[in-house]
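[1] coords below, sequence missing:
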């Protein structure tokens, strides 16, 4: 066994880093574990993405996020959070996955698995899960979804030049990727099971996508779902009468959201709401129904990932640390 830490944080994304920064500032011993690299969730974002939030709203640990423009790019954010780790002295163990947690408040045992397969046991007074929601995508459940041409993430438009691309969804990611691919020579269409774009789409993007739709430049199949994916076509089914139509298709970009991994929470007895997927927790302290076990970041939003972002999830670290200091 290693020495006992005041806090062990599972996940080294922005919100996990915020917990580490708050702990270091308060003088609590803390270590972050991540099965990937630091801020691995940001690596799944489009290469040339610009954040919706301003730089100051993404700051953690009192470290200034100074850039020439108001809103940071993905690249600038990746550099910033590495700087926070260095300046705050946060201890991070990358590529070391937490595979088991047991024990109770004041005496948790955390087992991790190294990249070479070796397992290591650690002790902690409290544990924070900040693993986000990028565990697995919300699958379409359609035949052919395992074909090579289907992906559940979007990086850049260039592979889709002169191709028939169907984007599934109508949220920010779907709309912005559709527009970018359209402007880079792809023949893009959208399919959505509702009859309009999602209400959370960025205000300045709405007129753009609306104009493309009205002009027929980006066709939309409202109130349809993907029924089957074939090598050169896709079968769409109406939500209203069940009728089907088949359209030409080279690629399917299914941007239907992701879901969190609740395996560790459930193993410890944390109650998960079956409808919202929100773990039971105190919003003031972020402690779950299991004493000494906390959650931080977007995991606290369940299925509604648009409810918690970095700018409000970063506050969870200070709430957790304040609660540990009050005990």
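    Thanks, I have the structure now. Please read these numbers as outputs of a predicted model, since none were measured by experiment. Numbers count the residues shown, from 1 in each chain.

[2] secondary structure element for residue 177, which one?
    According to DSSP states H and E, residue 177 maps onto helix 172-182.

[3] counting contacts, what elements does that helix pack onto?
    When contacts are defined as 3 or more CB pairs under 8 Å, 6 or more residues apart in numbering; DSSP states H and E, helix 172-182 sits against strand 164-168, strand 187-192, helix 206-214, strand 251-254. Every C-beta, even on glycine, is put in place using the N, C-alpha and C of the backbone.

[4] so which residues of the stretch 1-150 of the chain form helices?
    14-26, 40-43, 74-88 (DSSP state H, counting those that start in this stretch).

[5] return the most buried member of the helices and strands packed on helix 172-182.
    Among the helices and strands packed on helix 172-182, strand 164-168 has the highest mean neighbour count (mean count of other CB atoms under 10 Å), at a mean of 24.

[6] the inter-axis angle of that one versus helix 172-182?
    170 degrees (axes from the mean of the first three to the mean of the last three CA atoms, to 10 degrees).

[7] of the helices and strands packed on helix 172-182, which is nearest residue 13?
    Across these, residue 13 has its closest neighbour in strand 251-254 (22.9 Å, CB to CB).

[8] downstream of the closest one, the next helix or strand is which one?
    strand 258-259.

[9] quick one: residue 164 and residue 252 touch, right?
    No: in this structure residue 164 lies outside contact range of residue 252 using CB atoms under 8 Å: 9.9 Å.

[10] quick one: low-confidence parts of the chain?
    In the predicted model of the chain, residues 1-2, 306 satisfy pLDDT under 70.

[11] domain ranges for it, per the record?
    By the assignment in automatic domain parsing, the chain contains the domains 4-135+258-326, 139-254.

[12] so of those domains, which one's packed in deepest?
    domain 4-135+258-326 comes out most buried of the domains of the chain by mean count of other CB under 10 Å, with a mean of 19.

[13] now find how far off-centre that one is within its chain.
    Relative to its chain's centre, domain 4-135+258-326 lies at 12 Å (CA atoms, centre = their mean, to the nearest Å).

[14] how far does that domain stretch from start to finish?
    19 Å (CA to CA, to the nearest Å).

[15] from now on call the first residue 30
    In the new count, where the first residue is 30, that last one comes out as domain 33-164+287-355.

[16] about what we covered before: of the helices and strands packed on helix 201-211, which is nearest residue 37?
    Residue 37 sits nearest to strand 280-283 of all these, at 34.6 Å, using CB to CB.

[17] doesn't residue 352 belong to a strand?
    No: using DSSP: H, G, I helix; E, B strand; the rest coil, the assignment for residue 352 is helix, not a strand.

[18] now for it: which residues touch it?
    Counting by CB atoms under 8 Å, 6 or more residues apart in numbering, residue 352 makes contact with 313-316, 323.

[19] partner strands of the strand ranked longest in the chain, with direction?
    Ranked by residue count, the top strand of the chain under DSSP state E comes out as strand 148-158. Here strand 148-158 is paired, per DSSP bridges, with strand 33-39 (parallel), strand 136-142 (antiparallel), strand 322-324 (parallel).

[20] any chance of those strands in CSV, with distance to residue 342 too?
    As requested, the strands paired with strand 148-158 are exported to CSV (distance: least, CB to CB, whole Å):
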stretch, distance to residue 342
strand 33-39, 13
strand 136-142, 22
strand 322-324, 10
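
[21] now the longest strand of the chain against helix 43-55, angle please.
    90 degrees.

[22] which residues touch strand 148-158?
    Surrounding strand 148-158, the residues in contact under the criterion CB under 8 Å, 6+ apart are 30-40, 45, 48, 60, 125, 128, 130, 134-143, 293-294, 315, 321-325, 328, 349, 353.

[23] strands along the stretch 230-356 of the chain, start to end?
    249-251, 253-258, 262-267, 273-277, 280-283, 287-288, 322-324 (DSSP state E, counting those that start in this stretch).

[24] now those strands as CSV including distance to residue 241?
    Below are the strands of the stretch 230-356 of the chain laid out as CSV (distance: least, CB to CB, whole Å):
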stretch, distance to residue 241
strand 249-251, 9
strand 253-258, 18
strand 262-267, 19
strand 273-277, 18
strand 280-283, 16
strand 287-288, 26
strand 322-324, 39
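
[25] give me every residue that touches the residue nearest to residue 94 when sequence neighbours are not counted.
    Counting by CB to CB, 6 or more residues apart in numbering, residue 94 lies nearest to residue 84, which is 4.0 Å off, once chain neighbours are set aside. Contacts for residue 84 (CB under 8 Å, 6+ apart) come out as 94-96, 99-101, 105, 109.
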